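Colleague: sequence? don't have it. structure:
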């Protein structure tokens, strides 16, 4: 992907639209192979890279490992070491992606458990127990579907670690987390320095979609502070298209090509403008939403 981004820019494409997001390949601070390629595409070749911010605001949690009861399991609150996903029917997708700030390889080992409630206790039904001995990336993941109706949840267990790491877990197209933190829920590579990252607003109400990922990015190495101001702008979701039908194309995947189209019109009207100038042109003319000025929900507006 990184190679092809640079090749697109080298070939003279002045606007690139991406609704691709990924997990566990970068630390969430705007570094990594794809983020670096985006920066090269803009800084060296003048391409504006419009990128979906992600749809993860309702299923994201990050924070330091805390274990006040001393059982080796992360406490999401002082009383809860299970983050519940709710009462789910059979066939519900479960996709959980855990990383922590010890990149690129780690000797801090955490595990991820998927749990099912028996009514009196939580039963482990799936595990991710990759080894981290110093040469492996700091990641765990579980992907599958529910097999029966009931209450589901997940837990993060410290297998062999000092407990000083920032743990960051996201879901994908799945139920909301009981204990959720929408901040820093951007997918990579919306975190790249030169990503023109796009949030989603409903095309009719112009209100931000509740799922639209919020900023800022994670700070250096995946820390909780010092992150970049993303998303940068908002686009339209729940729109009509020939392929999806009336009102069916949604998500930041729909919002991003609207922004890319606007950027193409600006570049056509003002061909001498640089990629960053086009970004600033659109940000400066966005219609403000949320709090006055820039915010981590709408960016500069829609």
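Modeller: Everything's here; your move. Here the structure is a predicted model, which is why all the values come from computation and not from measurement. Residues are numbered from 1 along each chain as shown.
Colleague: what bits of the stretch 1-150 of the chain have low per-residue confidence?
Modeller: Across the stretch 1-150 of the chain, nothing is flagged by pLDDT under 70.
Colleague: how about the helices in it?
Modeller: 2-10, 33-43 (DSSP state H, counting those that start in this stretch).
Colleague: Out of those, which is the most enclosed?
Modeller: helix 33-43 (a mean of 21; mean count of other C-beta atoms under 10 Å). The way it works is simple: take the backbone N, C-alpha and C, and place the C-beta from them, glycine included.
Colleague: if we look at that helix, which residues are touching it?
Modeller: 1-3, 5-6, 8-9, 16, 22, 25-26, 47-49, 51, 188-189, 191-195, 275-276 (C-beta atoms under 8 Å, 6 or more residues apart in numbering).
Colleague: In the longest strand anywhere in the chain, which of the residues would be classed as buried?
Modeller: Longest strand in the chain by number of residues, with DSSP state E as the criterion: strand 150-160. For strand 150-160, a neighbour-count test (16 or more other C-beta atoms under 10 Å) marks 150, 151, 152, 153, 154, 155, 156, 157, 158 as buried.
Colleague: Could you export the residues you listed as CSV, including distance to residue 282?
Modeller: Supplementary listing: the buried residues of strand 150-160 in CSV, determined by distance: C-beta to C-beta, whole Å:
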residue, distance to residue 282
150, 47
151, 45
152, 41
153, 41
154, 39
155, 43
156, 39
157, 45
158, 45
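Colleague: Reformat the helices of the stretch 1-150 of the chain as CSV; add distance to residue 235.
Modeller: Output for the helices of the stretch 1-150 of the chain, formatted as CSV (distance: least, C-beta to C-beta, whole Å):
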stretch, distance to residue 235
helix 2-10, 20
helix 33-43, 18
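Colleague: what about those, which gets the closest to residue 237?
Modeller: helix 33-43 (22.7 Å; C-beta to C-beta).
Colleague: could you give the angle of that closest one to helix 2-10?
Modeller: 10 degrees (axes from the mean of the first three to the mean of the last three C-alpha atoms, to 10 degrees).
Colleague: Quick one: distance of helix 33-43 to the chain centre.
Modeller: Going by C-alpha atoms, centre = their mean, to the nearest Å, the spacing between the C-alpha centre of helix 33-43 and its chain's C-alpha centre is 18 Å.
Colleague: Could you identify the helix or strand that succeeds the longest strand of the chain?
Modeller: On the C-terminal side of strand 150-160, the closest following helix or strand by DSSP states H and E is strand 166-171.
Colleague: So which elements touch that next one?
Modeller: Applying 3 or more C-beta pairs under 8 Å, 6 or more residues apart in numbering; DSSP states H and E, one finds that strand 166-171 contacts strand 60-64, strand 93-100, strand 150-160.
Colleague: cutoff 6 Å now
Modeller: Packed against strand 166-171 by the contact rule (3 or more C-beta pairs under 6 Å, 6 or more residues apart in numbering; DSSP states H and E) you find strand 60-64, strand 93-100.
Colleague: And the next helix or strand past that strand?
Modeller: Criterion used, DSSP H and E; the element after strand 166-171 is strand 196-202.
Colleague: Could you give the average pLDDT over that next one?
Modeller: On average, the pLDDT along strand 196-202 is 98.
Colleague: And the contacts of that strand?
Modeller: 48, 50-53, 190, 208-209, 212, 230-235, 237-238, 252, 255-256, 259, 279, 298-299, 302 (C-beta atoms under 6 Å, 6 or more residues apart in numbering).
Colleague: Whichever of the contacts of helix 33-43 end up buried, select them in ChimeraX.
Modeller: To isolate the buried members of the contacts of helix 33-43 in ChimeraX, using 16+ other C-beta under 10 Å:
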select :2,5,6,8,9,16,25,26,47,48,49,51,188,189,191,192,193,194,195,275
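Colleague: now the strands for the stretch 1-150 of the chain?
Modeller: With strands called from DSSP state E, counting those that start in this stretch, the stretch 1-150 of the chain shows them at 15-18, 48-52, 60-64, 83-88, 93-100, 109-117, 122-128, 139-145, 150-160.
Colleague: Can you tell me which of those is nearest to residue 204?
Modeller: strand 48-52 (20.2 Å).
Colleague: Can you check what angle separates the closest one from helix 2-10?
Modeller: Using the same axes, to 10 degrees: strand 48-52 against helix 2-10 is 140 degrees.
Colleague: Parallel or antiparallel, list what pairs with strand 48-52.
Modeller: strand 15-18 (parallel), strand 196-202 (parallel) (DSSP bridges).
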